[in-house]
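Enquirer: sequence first, then the predicted structure:
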2 protein chains.
Amino acid sequence: MAGVEEMVRNKQVVLKHFVVGEPKETDMEFRVGKASLRIPEGVEGAILVKNLYLSCDPYMRGRMREYYESYIPPFQPGSVIEGFGVAKVVDSTNPKFSVGDYIVGLTGWEEYSVIVRTEQLRKIETLDVPLSYHVGLLGMPGFTAYVGFYEICAPKKGDYFFVSAASGAVGQLVGQLAKLHGCYVVGSAGSAKKVDLLKNKLGFDEAFNYKEEPDLTDALKRYFPKGIDIYFDNVGGAMLDAALTNMRVHGRVAICGMVSQHSISDPKGISNLYTLVMKRVRMQGFIQSDYLHLHPEFLKTIVSFYKQGKIVYIEDMNEGLENGPAAFVGLFSGKNVGKQIVRVAQE
Amino acid sequence: MAGVEEMVRNKQVVLKHFVVGEPKETDMEFRVGKASLRIPEGVEGAILVKNLYLSCDPYMRGRMREYYESYIPPFQPGSVIEGFGVAKVVDSTNPKFSVGDYIVGLTGWEEYSVIVRTEQLRKIETLDVPLSYHVGLLGMPGFTAYVGFYEICAPKKGDYFFVSAASGAVGQLVGQLAKLHGCYVVGSAGSAKKVDLLKNKLGFDEAFNYKEEPDLTDALKRYFPKGIDIYFDNVGGAMLDAALTNMRVHGRVAICGMVSQHSISDPKGISNLYTLVMKRVRMQGFIQSDYLHLHPEFLKTIVSFYKQGKIVYIEDMNEGLENGPAAFVGLFSGKNVGKQIVRVAQE
């Protein structure tokens, strides 16, 4: 076989430079290179994949700056961006993966990737749900919602539950889990269309467009006249401040999405932390990767809920790697409706 | 007995008006009235006490503003200020208390008080420690330290532990409990004298004068090169922000004293909450009164530690009710060294 090396086109998205402020399409570069369809000789334990679906996640913004103290290192300027994806194995020198397998895990923003560090890849066994769901409902965002809800929120039946960015990848599942648990659920989102989805498709009790509220504290008082027991925070900033003043005694705040805001939000801080004492509130940051022991139970539970029709899932699918940077950048202005995915190739 | 009513002088401290900004002595008024030494006829279940020691606590600031959503209602302008105190029963129509008993609980800032709501009063049984300790080491501040440390901080041997306002009523006990638990303990305080006490009398590993630190974040990096596992926050504001950036993964922040800052601290908010996610930090407000079931075990433990010489306790005793307002106001500029007490009368 050696010597006969099949070369194919390999489109790629590369980080041009570390990003300042809100990410722009011009912070990334689209490039067309070539890839071999064979793993280079001597590279053991690796797989070569054809990428099918790439996930656009806000945490990726955190990897676009030169900051090494996070739980995950930064991207390197000039190199291909990395993210969660669903891919098909094309070549393998790793006994755990065979040609034809579908995998989910960290891969490159390109058509073909060689993945050497395979420890965190997962072979997809559940093939009777759409493949792309494995980076959303059944992927990192879904697991974030699951862990955040059950492990951090300490939910009780009848709790008043508020979630921001409620139609997003994490928010839509969190809200539905809260409904299934017997909570009264209100979500905030940034457009009339999203509010409509929350109320009429995702089964939220109430939803509102935060962009149309002159005073977020007042808005929350209106939707929660008795206060909020649980706030699942996907945005930080002014919404967090407003939610804090509306918390009930012994309330809980799960802090989820704030990483994406670090260094891009306005520098105005959170002013209402005195509520933590007044109302004896617990506020807790978390990361899904601390809870990997719960992953099997998560998959089982959510697949079962989905197949029984107890939860629905909304994707925003962009076609083609060329549109990847725009799709990613759109996350930060709320352009996406539902979980933002980029389809790189047809299955 | 009726008809022969003994009247005595009754000095009082009265709130003049709701307080704006930092409390001033002129927000209070010293008044000399008269009191009967008998409970008025028909008032059942009450006690009349001679107040001996009054406790100056920062939370009292919160009762000096017109805010009804707190866990405790505001003082009323024109009325005597209330606070924790140690007093001797002079007359009683309550079968649970006899003349001559010493009690601790909420009483008036005056020489003699009639207390009708006696549910939260406690008869002092431990008479072989100084009586005044029952509003400090063995009172609300001590119980706050105990509950905060054992119930909120989730301490482990070897944890890096930081406490602010470390020589204060709560801080001094928290730091010593952390030392006894095997933590590495650093405290901050506002004068060289306090720093000296922390290091040489209270057994802290390190201590620093925050007023001499141009950058609190740098100071904490110096004292905690590996980061902070537990921050017991008695102050909020800039110190909380600086501590947040220095937290270790899975760190815990117990929020204690911030109530006192509400409406008096500068409006600059807390900017470093992204650490909650980055480092998966839990931040929790609490109030000792939620944990009253632990009170007997608290008293037993702390009395035992104290008698064994395992902990020491530092009081700042002001003489005379006339000096009460100055003593209270001094809390907010850190004038007191140790727990601030006002002695109203000799035992």
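Expert: Nice, I can see it. Numbers count the residues shown, from 1 in each chain, chains lettered A, B, ... in the order given.

Enquirer: from here on, contacts and neighbour counts on C-alpha atoms
Expert: Will do.

Enquirer: and the helix or strand of chain A with the lowest mean pLDDT, what does it pack against?
Expert: Within chain A, no helix or strand scores below helix A:274-278, which has a mean of 87 by mean pLDDT, DSSP states H and E. Here helix A:274-278 touches helix A:237-245, strand B:282-285, going by 3 or more C-alpha pairs under 8 Å, 6 or more residues apart in numbering or on different chains; DSSP states H and E.

Enquirer: can you tell me what sits against it?
Expert: For helix A:274-278, contacts defined as C-alpha atoms under 8 Å, 6 or more residues apart in numbering or on different chains pick out A:244-245, A:247, A:249, A:281-283, B:70-71, B:255-259, B:261-262, B:284-287.

Enquirer: adjacent strands (with direction) for the longest strand seen in chain A?
Expert: Longest strand in chain A by number of residues, with DSSP state E as the criterion: strand A:82-92. Strand A:82-92 has its sheet partners listed here by DSSP bridges as strand A:47-55 (antiparallel), strand A:102-108 (antiparallel).

Enquirer: TSV for these, including mean pLDDT and mean neighbour count?
Expert: Below are those laid out as TSV (pLDDT from 0 to 100; neighbours: other C-alpha atoms under 10 Å in any protein chain shown):
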stretch	mean pLDDT	mean neighbour count
strand A:47-55	98	27
strand A:102-108	97	23
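
Enquirer: what distance separates stretch A:87-100 from the middle of the whole chain?
Expert: The chain centroid and the centroid of stretch A:87-100 are separated by 26 Å under C-alpha atoms, centre = their mean, to the nearest Å.

Enquirer: spatially central residue for chain A, please.
Expert: Computing the C-alpha centroid of chain A and ranking residues by C-alpha atoms, centre = their mean puts A:Pro141 first, at 3.9 Å.

Enquirer: I'd say it and A:Val174 touch.
Expert: No. Using C-alpha atoms under 8 Å, A:Pro141 is not in contact with A:Val174; the gap is 9.9 Å.

Enquirer: what's the mean pLDDT across the helix or strand hosting A:Lys34?
Expert: Secondary-structure assignment from DSSP states H and E places A:Lys34 in strand A:28-36. The average pLDDT within strand A:28-36 is 95.

Enquirer: buried residues, it. List them.
Expert: For strand A:28-36, a neighbour-count test (16 or more other C-alpha atoms under 10 Å in any protein chain shown) marks A:28-30, A:35-36 as buried.

Enquirer: of all pairs in those residues, which one is the farthest apart?
Expert: Largest separation among the buried residues of strand A:28-36 by C-alpha to C-alpha: A:Met28 and A:Ser36, giving 23.8 Å.

Enquirer: what does the host helix or strand of A:Lys300 contact?
Expert: Using DSSP H and E, A:Lys300 sits in helix A:295-307. Defining contact as C-alpha under 8 Å, 6+ apart, one finds that helix A:295-307 is touched by A:137-138, A:143, A:146, A:311-312.

Enquirer: if we go to 10 Å?
Expert: A:126, A:128-129, A:134, A:137-140, A:142-143, A:146-147, A:173, A:177, A:180, A:288-289, A:292, A:308-313 (C-alpha atoms under 10 Å, 6 or more residues apart in numbering or on different chains).

Enquirer: of these, which belong to helices?
Expert: A:140, A:142-143, A:146-147, A:173, A:177, A:180 (DSSP state H).

Enquirer: what's the pLDDT at A:Glu6?
Expert: Note on A:Glu6: pLDDT of 79.

Enquirer: and if you look at the one 4 residues further on?
Expert: Here, the pLDDT recorded for A:Asn10 equals 97.

Enquirer: so what's it up against?
Expert: A:Asn10 makes contact with A:31-36, A:50, A:110-113, according to C-alpha under 10 Å, 6+ apart.

Enquirer: which strands border the next helix-or-strand element following the helix holding A:Lys300, and is each parallel or antiparallel?
Expert: Next in sequence after helix A:295-307, counting helices and strands by DSSP H and E, comes strand A:315-319. Next to strand A:315-319 in the sheet, as set by DSSP bridges, lie strand A:339-343 (parallel).

Enquirer: number of nearby residues for A:Glu322?
Expert: 18 (other C-alpha atoms under 10 Å in any protein chain shown).

Enquirer: skipping adjacent residues, who's closest to it in space?
Expert: Spatial nearest neighbour of A:Glu322, chain neighbours left out: A:Phe30 (6.7 Å); criterion: C-alpha to C-alpha, 6 or more residues apart in numbering or on different chains.

Enquirer: that neighbour against A:Val14, yeah?
Expert: Yes. Counting by C-alpha atoms under 10 Å, A:Val14 is a contact partner of A:Phe30 at 6.4 Å.

Enquirer: where's A:Trp27 relative to A:Gly83, distance?
Expert: For residue A:27 the amino acid is Asp, not Trp. Taking C-alpha to C-alpha, to the nearest Å as the criterion, A:Asp27 is separated from A:Gly83 by 16 Å.

Enquirer: before we move on, what about A:Val253?
Expert: For A:Val253, the distance to A:Gly83 - C-alpha to C-alpha - is 27 Å.

Enquirer: what residues are shared contacts of A:Phe30 and A:Val14?
Expert: Common contacts of A:Phe30 and A:Val14 (C-alpha under 10 Å, 6+ apart): A:80, A:109-110, A:325.

Enquirer: common neighbours of A:Pro141 and A:Val174, please.
Expert: A:147, A:168.

Enquirer: show me what contacts the residue nearest to A:Glu322?
Expert: A:11-16, A:80, A:109-110, A:321-325.

Enquirer: got those as CSV, with secondary structure columns?
Expert: Shown next, in CSV, are the contacts of A:Phe30 (DSSP: H, G, I helix; E, B strand; the rest coil):
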residue, secondary structure
A:Lys11, strand
A:Gln12, strand
A:Val13, strand
A:Val14, strand
A:Leu15, strand
A:Lys16, coil
A:Val80, strand
A:Trp109, coil
A:Glu110, strand
A:Leu321, helix
A:Glu322, helix
A:Asn323, helix
A:Gly324, helix
A:Pro325, helix
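
Enquirer: what is the nearest of those residues to chain B?
Expert: Using C-alpha to the nearest C-alpha, A:Leu15 is the member of the contacts of A:Phe30 that lies nearest chain B, at 22.4 Å.

Enquirer: was I right to think that closest one contacts A:Gly78?
Expert: Yes. Counting by C-alpha under 10 Å, A:Gly78 is a contact partner of A:Leu15 at 5.6 Å.

Enquirer: intersection of neighbour lists for these two?
Expert: By C-alpha under 10 Å, 6+ apart, the residues touching both A:Leu15 and A:Gly78 are A:28-29.

Enquirer: of those two, which one has the most company?
Expert: In this view A:Leu15 and A:Gly78 are compared by other C-alpha under 10 Å, and A:Leu15 has more residues nearby, 22 against 13.
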